[in-house]
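1. What shape does this take:
(one chain, ligands or ions: 1)
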Amino acid sequence: MKNKTIIITGGAGEIGVATAKLFLKAKCNILLVDIDKKQLNTVKKDMNSDKVAICVADVTKEADVKKYVKKAEKEFGSIDMFFNNAGIEGVVTPLTELKAKDFDQVMQVNVYGVVYGMKHVMKSMSKSGGGSIVITSSVAGLQGTAGMMPYITSKHATIGVMRTAALEGADMGIRVNSVHPGVVDSRMMDSIEQGLGGDEAESVKEGFKAQIPLGKYAQEDEIADTVFFLLSNKARYTTGATYVVDGGLTA
Ligand SMILES: NC(=O)c1ccc[n+]([C@@H]2O[C@H](COP(=O)([O-])OP(=O)(O)OC[C@H]3O[C@@H](n4cnc5c(N)ncnc54)[C@H](O)[C@@H]3O)[C@@H](O)[C@H]2O)c1
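-> Sure thing, here's the model as predicted:
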């Protein structure tokens, strides 16, 4: 892994940062990409390493996606690994009340953002002899949750992106897989519990917990470990696969 280069989108978020820490320990070059400039600067400062670079970019804008790919190539040479991870939870609302703009917003980030990333990173990797990619889907890509149509739809869609990219990437030496976290002890889950439960958010959390055979929410590093494995050479025969990290929730 030493001196290999990884791009991480959603690089200022909780799963992105936990993953970046693992890759930094392995002495990789890291480009963290996020729309949140302030948080990105804080993370860069905390990581305190000249192997970490940042790029403020909106993954929904193809020009921004080209910009982060160029930046990684310029800073570090070629791109070996890509954690295509930025995502938003969107609004929680019954389908009958769903507004088109709320649906669009989630699809823009969670689907278009992921697709643009695949397009431009795979172009770059194909020129440099290949690489490996992990897309962050969710258990929401495998099953439904009432009230979360945009998020659920977007995370199912990323499986189609992953499978197609794995087939097209094989000849280019590019492996593509998806990781499906369950419920993580995180800002995003706090927001979803609030959306589903309002004043009863705590009982929503207890309800989720009760369905998890391993009996607890995941920590970010438990997701990051699987991402690290999939991106590494240890998973060299694995492509087109969905990896669930959910404490048994979907079992
Ligand atoms: N937290 C969970 O429980 C959980 C569970 C399953 C899947 N996931 C998925 O994991 C991924 C990471 O989630 P997280 O928990 O770290 O959430 P997070 O909100 O902490 O991080 C997401 C990051 O993406 C960034 N982002 C949002 N829109 C963007 C855009 N248009 N361009 C660039 N960056 C943008 C945000 O600024 C944020 O830093 C997401 O795809 C999420 O759907 C999370």
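
2. Show me which residues of the stretch 151-251 of the chain sit near the ligand.
-> Selection of the stretch 151-251 of the chain residues close to the ligand by C-beta under 6 Å from any ligand atom yields P181, V183, V184, S186, R187, M188, M189. Placement of C-beta: from N, CA and C, glycine included.

3. Distance check, A157 against M107.
-> 8 Å (C-beta to C-beta, to the nearest Å).

4. re earlier: give me the PyMOL select line for the residues of the stretch 151-251 of the chain next to the ligand, limited to the buried ones.
-> In PyMOL, this line selects whichever of those come out buried by 16 or more other C-beta atoms under 10 Å:
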select buried, resi 181+183+184+186+188+189
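
5. Among the residues of the stretch 151-251 of the chain next to the ligand, pick out the one closest to V56, please.
-> R187 (19.5 Å; C-beta to C-beta).

6. ok, that closest one touching I15?
-> No - the criterion here is C-beta atoms under 8 Å, and R187 misses it with I15 at 10.5 Å.

7. related to what we said a few turns ago, out of the residues of the stretch 151-251 of the chain next to the ligand, which two sit at the greatest distance?
-> P181 and R187 (13.6 Å).

8. and the nearest residue to Q211 once chain neighbours are set aside, what does it touch?
-> Nearest residue to Q211 in three dimensions, chain neighbours excluded: L249, at 6.0 Å (C-beta to C-beta, 6 or more residues apart in numbering). Counting by C-beta atoms under 8 Å, 6 or more residues apart in numbering, L249 makes contact with V139, G182, V183, Q211, I212, P213.

9. quick one: the helices in the stretch 101-250 of the chain?
-> 113-127, 149-169, 187-197, 201-210, 220-231 (DSSP state H, counting those that start in this stretch).

10. So which elements touch the longest one?
-> Which is helix 149-169. Judged by 3 or more C-beta pairs under 8 Å, 6 or more residues apart in numbering; DSSP states H and E, the packing partners of helix 149-169 are helix 100-107, helix 113-127, strand 131-136, strand 174-181.

11. Put together CSV for these, with mean pLDDT on each row.
-> Converted to CSV, the helices and strands packed on helix 149-169 look like this (pLDDT from 0 to 100):
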stretch, mean pLDDT
helix 100-107, 98
helix 113-127, 98
strand 131-136, 98
strand 174-181, 98
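
12. got JSON lines for the ones you listed, with distance to D80 too?
-> Formatted as JSON lines, those follow (distance: least, C-beta to C-beta, whole Å):
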{"stretch": "helix 100-107", "distance to D80": "29"}
{"stretch": "helix 113-127", "distance to D80": "8"}
{"stretch": "strand 131-136", "distance to D80": "5"}
{"stretch": "strand 174-181", "distance to D80": "10"}
